[in-house]
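Asks: Quick check, what structure comes out for this input:
(chains A and B, ligands or ions: 2)
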Amino acid sequence: MSGVKPEDTARDGFDQIGKPVPRKEDARLLRGKGTYLDDIEVPGALHACFVRSPYAHARITGFDLDEAKAAPGVVAVVTGHEVNDWTNALKMAPPIEGLQPTEMTTLPVDKARFHGDPVACVVATDRYLAEDAAELVYVEYDLLDAVTSYDAALADGAPLVDETLPSNLVSHQKFEAGDIARRKAEAYRVVEAAFAMQRMTHLPIETRGCIALWDDGRAHLTMHIGSQAPHPMRSMLAGRLRLAEHQVTVASPDVGGAFGQKIIVYREEITVAALACRLKRPVRWREDRLENLSASLQARENAVKTLAAVARDGRILSLEAEITEDFGAYCFYPANYLARVIGMILTGPYRIQDYAFEVKIALTNKCGAGPMRAPMAITSLVMDGTLDAVARELDIDPAEVRRVNMVRPSDLPYVMPTGEKLEDVTPSECFERGLEEIGYAAFRDAQEADRDNGIYRGLGMCNVIESTTYGSAFYKAAGIPGSGHEAAWVKIEPSGAIRASAGLMGTGQSYETPYAQAVAEGLGVDPAQVDVVLGNTDISPYGMGARGSRGATAGGGTLFLAALDLKAKMLDIAAALLGLNSPSELELRGGQVLRHVGGAWSETGLGLGDIARTAYMDPLKLPEGMEPGLEMHRAWDPPQMTYSNSTHFCAVTLDAATGRVDIDRYLIVEDCGTVLNPLVVEGQQQGATVMGIGGVLFEHMVYDESGQNLCGTLADYMIPTACEAPEIEIVSQNTPNRRTPAGIKGMAEGGIMGAIGAVNNAVNDALRPFGVVAERQPLSPDYIRSLLRVTG
Amino acid sequence: MNRIAFTLTVNAMACEVVAEPRKLLSDVLREDLRLTGTHVGCEHGVCGACTVLVDGAPARACLIFAIQMQCREITTVEGLTPAEGLSPLQQALHEEHGLQCGYCTPGIITTFEAFLRENPKPTDDEIREVLSGNLCRCTGYANIVRAIRKAAQIMRKGTAA
Ligand code: FES
Ligand code: FES
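Replies: Ligands and ions are numbered 1, 2, ... in the order given. Prediction:
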């Protein structure tokens, strides 16, 4: 069916979209009445506990399970020898040039590849007993040398992490547009810069876990599991367990944060589900924090080196980027996925046409990596950091270097060298506003004066182009498998009660309220009337889930379209009931049908309840040929890419004696299009920015040289507390996108991109008098001092 | 295993528990008493999600064996929630969007119900100092601080009236 077109839906002045409505989910969460995974009561459930490799790289030579099997309360102890017979391996072999195919069994039987690799599973009548028995599982290992860094992985003669591959270089791609050699020959100078992000982890405060219920009569598996993408997860689970998709229900309860960690189905979850099917008893598993820190997906640990050929005025003539990443021991995602997106959008808001990048991904003996909130986070740091390097080398003001390179309003739509199209973005408007708000000139004057007094302040700037919503066309262009569509339905029951659902599942992003607003706007009712149900694959339509920052554009947008279509049907019914030939003079507002007569809206006496009753209970009154009922389903594939943009400014003071960095001021100017709910958007901006700051300054998943994970507790892996999080000033300069429903652009990752760039650039600005540059994160006091020591 | 019967006073109610002596207070509250508002985020005393009040003072339920708590008064988020609606602190968190996933929230509510009773007029720095014992990965804290400040104000007015 056709229905309302997205590009026809933007307008000035919405009734419900854009209101700061406090959240619906708060009522249950604040009262301690949320239902997170471990709050679900399942009588008779067994508890699973995993036995994990204490070594980074070791041949498994034998298991002794007898003692564990005899321990109190134990029902089963299994290893890959059983589980791999019950389940399919994960084959990661998309037809991508330069990407090595990999295969991962559910549990390893030949060798353990990282510290924390699950090698056996104990199931007992209670969690304490399962943990006791896990201590009694004996695994014999033959130690192998471990590779624990990108460089070591690619060194000659390095031990192979995956012995089916020719080397640890699991993915290698190149891209070139324009004529780099020519631009370099023309250049005034070629400026080099280097950037690196450390290994991190998502750290949701609720760890992972699952409950698997097997209904032997119906031959049906219900999997309670916190999931960002319930439908794709169901497809994966069914495939791995050799079940038909209709034999599996994924039901996601309230989720205590995810940030990218709860998209895929992990080996532990497949094991637990397979055990529930075999034992024909419910099995549950709750990951503990040590497991979360050592064996749930990790992220980042990528590095980018750039070569910028520049003109005398700082204009970039060409840019080359070498992108490398340490992907860990297993490919839970195609290894090229994250780094390739970095390459695709690296040039951001800057006018660069002659561009080349090379992506190299290595396997190492560390936990597997995957997307974490803003997987392309390093891009803004690399671009704005490269511009800062140009400014330093040519001794030009860094704001000026940004200006001469930035995409101007008259350049839009601007096609990046990778084919990505920037449109409906406002980078220069946001940047100029930011310079004004921060008081740029005054800051520079004060900075000079302070330096003379031994106070080292720095100002960092970062212009962010945030790729929020990936359409199917993007995946195709990037050579990554995947669909970008989303699906939604809106139903009005005979009583007039309204329900809506979409394929995405929230994990704290507050979807329920803005989605209710989008539906309410489309229908012409109050958001309080709209019940939004998410997360259960038996109820919600097949959509691609919450990934990227697509919640508002893909989720809210598709719901808005479905609601508009349903309203059109309701108005057709209203017209028939009122004896009108067409609904063109009719509108629904506040649940009432209004008619435009004599230049004003007047009541018709018809309400949503009357229409609903007629649609279901009196279908003979419907316009001829119309189906009874009020249900509307929409699926929508967003444009290739939807972009938001923002500019971040961060002012810091650096204590040269200790290497400590204090954030004095933090300002964001952002254009994220039409906003569904400004409270929620501001919450995402704050949260993302602080997560970004954590990444620049504190967080670091440390492995030692033998591959031991040194961050087993929250005292070792440090995220920002309330004392480290600054107050953040946010200026909104939103302009609509013309191709998305209501003009939504979305956001939730740009804060991370901006912070990673702005804080790092600020520290380098403060370090300027010392002639040193920080080239890797985190910018710990240790690292800063090591830089300053070199200068004596 | 050696399960023992004992009595806990939780939210002003006497509760009979039969559990192993090694069972954590957090697990007994959640599993035996079905008070699942107390969350578990680390089980090693850092995240603060499991914070309950023991004789009115905040304590980490994951660091205490339930059996140690006989003869003590335990209060959980459920006990701090009015039968209808929200407490002033909960209401302020709602209005100021002080929670996203909500997993850290009960620990913050218990901590600050106690703190605001002792410190009705805290500065932002004092709020942040105390809040640093509760990790939140979602909000960036600013809205939580704002909500606590607002709750303090409202509670002061409430007691003044
Ligand atoms: S669960 Fe008790 S402090 Fe984290
Ligand atoms: S709201 Fe998610 S951890 Fe605080």
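Asks: Can you list the buried residues in the helix with the most length in chain B?
Replies: Longest helix of chain B, by residue count under DSSP state H: helix B:142-160. Under the neighbour-count criterion of 16 or more other CB atoms under 10 Å in any protein chain shown, helix B:142-160 has B:142-152, B:155 buried. In this view, the C-beta of every residue, glycine as well, is placed from N, C-alpha and C.
Asks: and which of those is nearest ligand 2?
Replies: Ligand 2 lies nearest to residue B:144 out of the buried residues of helix B:142-160, by CB to the nearest ligand atom, at 7.9 Å.
Asks: now check stretch B:17-32, is it near chain A?
Replies: Yes: contact check for stretch B:17-32 against chain A, using CB under 8 Å from any CB of the partner chain: residues in range are B:20, B:22-23, B:27, B:30.
Asks: what bits of the chain have low per-residue confidence?
Replies: No chain specified, so I'll use chain A. Across chain A, the ranges flagged by pLDDT under 70 are A:1-2, A:792.
Asks: that's the wrong chain, I wanted chain B
Replies: Confidence mapping of chain B against pLDDT under 70 gives the ranges B:1, B:160-161.
Asks: okay, which residue is most central for it?
Replies: When CA atoms, centre = their mean is applied to chain B, the residue found nearest the centroid is residue B:110 (2.6 Å).
Asks: Return the residues in contact with it.
Replies: With contact set as CB atoms under 8 Å, 6 or more residues apart in numbering or on different chains, residue B:110 has these partners: B:51-53, B:58, B:75-77, B:80.
Asks: same thing with residue A:309?
Replies: Counting by CB under 8 Å, 6+ apart, residue A:309 has contacts A:180, A:183-184, A:186-187, A:189-190, A:316-319, A:354.
Asks: CA atoms of the helix or strand hosting residue A:767 as PDB?
Replies: Element membership for residue A:767 (DSSP states H and E) is helix A:750-767. The C-alpha trace of helix A:750-767 is given here as PDB (Å, rounded to 0.1, in the frame of the first residue of the first chain):
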ATOM      1  CA  GLY A 750      27.100  12.500  18.700                       C
ATOM      2  CA  GLY A 751      27.700  13.400  22.300                       C
ATOM      3  CA  ILE A 752      30.300  10.700  22.400                       C
ATOM      4  CA  MET A 753      31.900  11.700  19.100                       C
ATOM      5  CA  GLY A 754      32.000  15.400  20.200                       C
ATOM      6  CA  ALA A 755      33.400  14.700  23.600                       C
ATOM      7  CA  ILE A 756      36.100  12.400  22.400                       C
ATOM      8  CA  GLY A 757      37.300  15.100  20.000                       C
ATOM      9  CA  ALA A 758      36.700  18.300  22.000                       C
ATOM     10  CA  VAL A 759      38.300  17.100  25.300                       C
ATOM     11  CA  ASN A 760      41.300  15.600  23.500                       C
ATOM     12  CA  ASN A 761      41.700  18.800  21.400                       C
ATOM     13  CA  ALA A 762      41.400  20.900  24.500                       C
ATOM     14  CA  VAL A 763      44.200  19.000  26.200                       C
ATOM     15  CA  ASN A 764      46.400  19.300  23.200                       C
ATOM     16  CA  ASP A 765      45.700  23.000  23.100                       C
ATOM     17  CA  ALA A 766      46.700  23.300  26.800                       C
ATOM     18  CA  LEU A 767      49.900  21.200  26.000                       C
END
